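Participant: below: sequence and its predicted model.
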Amino acid sequence: MQITEIYKSIQGESTFSGLPCVFVRLTACNLRCSWCDTEYSFYGGRKMTQEEVFNKVEELSPGGGLVELTGGEPMLQEREAVPLMQRLLDAGYDLLLETSGERPLENVPKGVVKIVDVKCPGSGEGDSFRMENLETLHRNDEVKFVISGRADYEFARDFVARHGLNAKVNAVLFSPAFRKEAEGARTASHCLLDPQQLAEWILEDNVPARLSLQMHKFVWDPAAKSV
Ligand code: SF4
């Protein structure tokens, strides 16, 4: 499979935020979100066998721990990614899959916690969510909306209500989009939507969502890669 990077850091964008985690970033994405912060994963990378990826994960986190498959879009390499997921589960790892929500998710092994994006209009990929994926969601899964303004917020709020999302999954995450050119100071001023404003909207409307900040961008320089 084509891999951009494998590294250990702190999980930053889910209910697992703050936990040590090995990230396996698969190369390529078929979407082009306006605020994407991993454009470096669109091309390049290197070919690695399932064995090589597994060995690297074991080296970074021997005997178990948290692992996340991310990208890019990992499900573009479903044929190789699914057996890798099963192998990691069998070896006792807790496994997260971060996915854009555009690819079919029926074949993701049951023990994997899916963190599924629903792209809002401000991303430029607003119609990309594959509605059949709602049927694949389990109680342990999480659904994430990256929100860059009021129109995105209303889209997310209405989508959650229309599909009863909070009853289907462990968490509905509302995350303010980050400026992709952000660097230097580790502050909320880099967010495209002020987190305070988003929090107030959530409270006003009683939305059953969790405000989620990209923790790694407040721990390291927001321009840092491999964190
Ligand atoms: S789906 Fe993810 S990797 Fe692909 S363009 Fe959007 S943010 Fe970037």
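Facilitator: Alright, I've got the coordinates.
Participant: the most centrally placed residue in the chain: which element?
Facilitator: Taking C-alpha atoms, centre = their mean, the centroid of the chain lies closest to residue 98, which sits 3.7 Å from it. Using DSSP states H and E, residue 98 sits in strand 93-99.
Participant: which neighbours does that strand have in its sheet, and in what orientation?
Facilitator: According to DSSP bridges, strand 93-99 has the following sheet partners: strand 65-70 (parallel), strand 113-117 (parallel).
Participant: got the angle for the strand ranked longest in the chain vs strand 65-70?
Facilitator: Using DSSP state E to define each element, the chain has its longest strand at strand 2-10. Here the directions of strand 2-10 and strand 65-70 differ by 140 degrees (axes from the mean of the first three to the mean of the last three C-alpha atoms, to 10 degrees).
Participant: does the helix or strand just after strand 2-10 reach the ligand?
Facilitator: Next along the chain after strand 2-10, taking DSSP H and E as the criterion, comes strand 20-26. No - taking C-beta under 6 Å from any ligand atom as the criterion, strand 20-26 and the ligand are apart, separated by no less than 9.4 Å. C-beta: built from backbone N, CA, C; applies to glycine.
Participant: let me know the next secondary structure element after strand 20-26.
Facilitator: Sequence order places strand 46-47 as the next helix or strand after strand 20-26, per DSSP H and E.
Participant: what lies in contact with that next one?
Facilitator: By C-beta atoms under 8 Å, 6 or more residues apart in numbering, the residues outside strand 46-47 that reach it are 1-3.
Participant: hmm, try it at 7 Å
Facilitator: The contact list for strand 46-47, computed with C-beta atoms under 7 Å, 6 or more residues apart in numbering, reads 2-3.
Participant: going forward, begin numbering at 871 instead of 1
Facilitator: Understood, numbering begins at 871; the last thing we discussed is strand 916-917.
Participant: isn't residue 906 right up against residue 1048?
Facilitator: No - under the criterion of C-beta atoms under 7 Å, residue 906 makes no contact with residue 1048, lying 10.3 Å away.
Participant: spit out the residues that contact those two alike.
Facilitator: Common neighbours of residue 906 and residue 1048, counting by C-beta under 7 Å, 6+ apart, are absent.
Participant: that older thread, can you name every helix or strand that the longest strand of the chain contacts?
Facilitator: Where contact means 3 or more C-beta pairs under 7 Å, 6 or more residues apart in numbering; DSSP states H and E, strand 872-880 is packed against strand 890-896, helix 920-930, helix 1086-1089.
Participant: which of the residues in that strand are buried?
Facilitator: For strand 872-880, burial by neighbour count (16 or more other C-beta atoms under 10 Å) applies to 872-876, 878-879.
Participant: for the ligand, which of the strands paired with strand 963-969 is the nearest?
Facilitator: strand 983-987 (6.6 Å; C-beta to the nearest ligand atom).
Participant: just so I know, which of the strands paired with strand 963-969 lies nearest residue 973?
Facilitator: Counting by C-beta to C-beta, residue 973 lies closest to strand 983-987 out of those; the figure is 10.0 Å.
Participant: tell me the confidence at the residue located most distally from the centre of the chain?
Facilitator: Within the chain, the residue lying farthest from the chain centre (C-alpha atoms, centre = their mean) is residue 1074, at 26.4 Å. pLDDT for residue 1074: 98.
Participant: hey, which helix or strand in the protein has the poorest pLDDT?
Facilitator: The weakest-scoring helix or strand in the chain, judged by mean pLDDT, DSSP states H and E, is helix 1086-1089 (a mean of 88).
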